[in-house]
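> structure, please.
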Amino acid sequence: MYFPQFLVGMFGTSLIMAIWAGIETGSIRTALAWAVLTLIVLQVGYFLLILGLFYKRSTKSTDVNPEPVNPVQPLRRDGGVSSPGAQ
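Predicted coordinates:
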């Protein structure tokens, strides 16, 4: 989830909630209060989601056994340009 997309969605949801509350109550103050409450709830939810993602990531096992690197160099290169003086 990208933060700019979240902001657009959050403000869009808040605007829809404000319009709906304004139509239902007929009060601009009540519509504004519901819009602010919606923004707060969405922001807290986003924070908890990010916190959960960090927590899940930190509890995963980090014991990775990488494959050993082969110290032997190949005898020749495939398709590469050789250096001057090399045969």
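> how about the strands in the chain?
Chain-ordered strands for the chain, with DSSP state E as the definition, do not occur.
> remind me which residues of it are low pLDDT?
The chain contains residues with pLDDT under 70 at 1, 58-67, 74, 77-87.
> and the longest helix for it?
Using DSSP state H to define each element, the chain has its longest helix at helix 28-59.
> in it, which residues are buried?
Residues of helix 28-59 classed as buried under the neighbour-count rule (16 or more other Cβ atoms under 10 Å) are Ala31, Trp34, Ala35, Thr38, Leu39, Leu42, Tyr46. The way it works is simple: take the backbone N, C-alpha and C, and place the C-beta from them, glycine included.
> in TSV: these, plus distance to Phe54.
Rendered in TSV, the data for the buried residues of helix 28-59 read as follows (distance: Cβ to Cβ, whole Å):
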residue	distance to Phe54
Ala31	35
Trp34	31
Ala35	29
Thr38	25
Leu39	23
Leu42	19
Tyr46	13
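> in this structure Ile28 contacts Gly22, no?
Yes - in this structure Ile28 lies within contact range of Gly22 using Cβ atoms under 8 Å: 6.4 Å.
> residues in contact with Ile40?
Ile40 makes no contacts at all, as judged by Cβ atoms under 8 Å, 6 or more residues apart in numbering.
> distance check, it against Trp34.
When distances are taken as Cβ to Cβ, to the nearest Å, Ile40 and Trp34 turn out to be 11 Å apart.
> for Thr13, same thing?
In this view, Thr13 and Trp34 are 11 Å apart by Cβ to Cβ.
> go on, Glu24?
From Glu24 to Trp34 the distance is 9 Å (Cβ to Cβ).
> repeat for Ile19
Going from Ile19 to Trp34 by Cβ to Cβ gives 10 Å.
> over to Val44?
Note on Val44: its distance to Trp34, by Cβ to Cβ, is 16 Å.
> so what's the gap between stretch 47-56 and the chain middle?
The gap between the average C-alpha position of stretch 47-56 and the chain average comes to 11 Å, counting by Cα atoms, centre = their mean, to the nearest Å.
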